[in-house]
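[1] task: produce atomic coordinates for the following.
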Amino acid sequence: MTLDGQWFTERCKEGGSAFSLKVRAKLHEEQTPYQRIEIYDTEAFGHLMVIDGFVMLTARDNFVYHEMMAHPVLYTHEAPRRVLVIGGGDCGTLREVLRHPEVERVVQVEIDERVTRLAERYFPELTEANGDPRAELVFADGIRWVAEAPEASLDVIIVDSTDPIGPAEGLFNEPFYRDCLRVLGEGGLLVQQSESPLYHQRILTAMRRAMRAAGFADLATLHFPQPTYPSGWWSATMARKGRPIDGFREADAAARPFPTRYYTPGTHRGALALPPFLAAALEGT
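    Numbering: from 1, shown residues only. Okay, here's the model as predicted:
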């Protein structure tokens, strides 16, 4: 990451590329016990949150990511009542989960409370549902929380983590996925952000192999645009306990009682349609 004059630039070494945003000002910077957090005001993308030099979200395009992390998995489950969000400290995914009236309880486990407190200050639209009585905010290690959770106590787990470095590294391996499998009920679903399908196929395939090795019965990788992430193209991978991922509740998705800016049944179907090069890369995983 560099800040050259009035431009914030994130360089992606593995992709041989860089992405820049023109900034008006740096609004905040701090080093927490876990990571360095910066907040900028940009000219075209609103507020920008950066963690350890990497773009986490902007006010302009976060809705694509948050909607695609929440709605496909919730409409794939037959009756998602008990949901866990690991990470997601900006609370955008939590907000989208709480739009579903059938959800009875959501626990969000974020290791760094400062991410949430800064989101409340600089991205208040994302934290507007934090007071929902169905929501519980826990500031702790998500890996430990899952390891200690009761068996078959959840319907859906959403892992809204940073890249697999630092505090998030342990969220991408087989022991963690085994714990997730244990705490999910039959037919339960795990979904995790799985990086760029263009730049990070090694991470994506390793994740899928670890999920399979942990005992998940079926996997499905979704892909969607994300302009401010490396390559502008992102993914999330679903894993199901006990049976195949065989469609989703299209009628319920079409009749959803809340507004969306990106998600529709059509974008859900399209996200599951893998281009040939990606299907070939994921074959056997």
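[2] show me where the chain has its strands.
    In the chain, strands defined by DSSP state E lie at 2-4, 7-12, 17-31, 36-42, 47-51, 54-58, 82-87, 105-110, 135-139, 154-160, 184-193, 218-225, 233-240, listed in chain order.
[3] could you save those strands as CSV and add columns showing distance to Pro275, mean pLDDT and mean neighbour count?
    Using the backbone N, CA and C atoms, a C-beta is placed for each residue, glycine as well. Formatted as CSV, the strands of the chain follow (distance: least, CB to CB, whole Å; pLDDT from 0 to 100; neighbours: other CB atoms under 10 Å):
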stretch, distance to Pro275, mean pLDDT, mean neighbour count
strand 2-4, 32, 58, 11
strand 7-12, 20, 95, 16
strand 17-31, 19, 97, 13
strand 36-42, 31, 98, 19
strand 47-51, 30, 97, 22
strand 54-58, 24, 97, 21
strand 82-87, 28, 98, 25
strand 105-110, 33, 98, 22
strand 135-139, 37, 98, 16
strand 154-160, 24, 98, 26
strand 184-193, 19, 97, 22
strand 218-225, 8, 98, 20
strand 233-240, 10, 98, 24
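[4] so which of these gets nearest Glu283?
    strand 218-225 (11.7 Å; CB to CB).
[5] and the closest one, how far out from the chain middle?
    12 Å (CA atoms, centre = their mean, to the nearest Å).
[6] ditto for stretch 119-129
    Centroid displacement of stretch 119-129 relative to its chain, using CA atoms, centre = their mean, is 17 Å.
[7] what comes up buried for that stretch?
    Ala119, Tyr122, Phe123, Leu126, Thr127, Ala129 (16 or more other CB atoms under 10 Å).
[8] sorry, back to before: out of the strands of the chain, the one nearest Thr260 is which?
    Of all the strands of the chain, strand 218-225 sits nearest to Thr260, with 12.7 Å by CB to CB.
[9] and for the closest residue to Ala70 other than its chain neighbours, the neighbour number?
    Sequence neighbours aside, Glu96 is the residue nearest to Ala70 in space, at 3.6 Å (criterion: CB to CB, 6 or more residues apart in numbering). Using other CB atoms under 10 Å, Glu96 is surrounded by 26 other residues.
[10] pLDDT and distance to Glu102 for the buried residues of stretch 119-129 - can I get that in JSON lines?
    Putting the buried residues of stretch 119-129 into JSON lines (pLDDT from 0 to 100; distance: CB to CB, whole Å) gives the following:
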{"residue": "Ala119", "pLDDT": "98", "distance to Glu102": "26"}
{"residue": "Tyr122", "pLDDT": "98", "distance to Glu102": "31"}
{"residue": "Phe123", "pLDDT": "98", "distance to Glu102": "26"}
{"residue": "Leu126", "pLDDT": "98", "distance to Glu102": "22"}
{"residue": "Thr127", "pLDDT": "98", "distance to Glu102": "22"}
{"residue": "Ala129", "pLDDT": "97", "distance to Glu102": "16"}
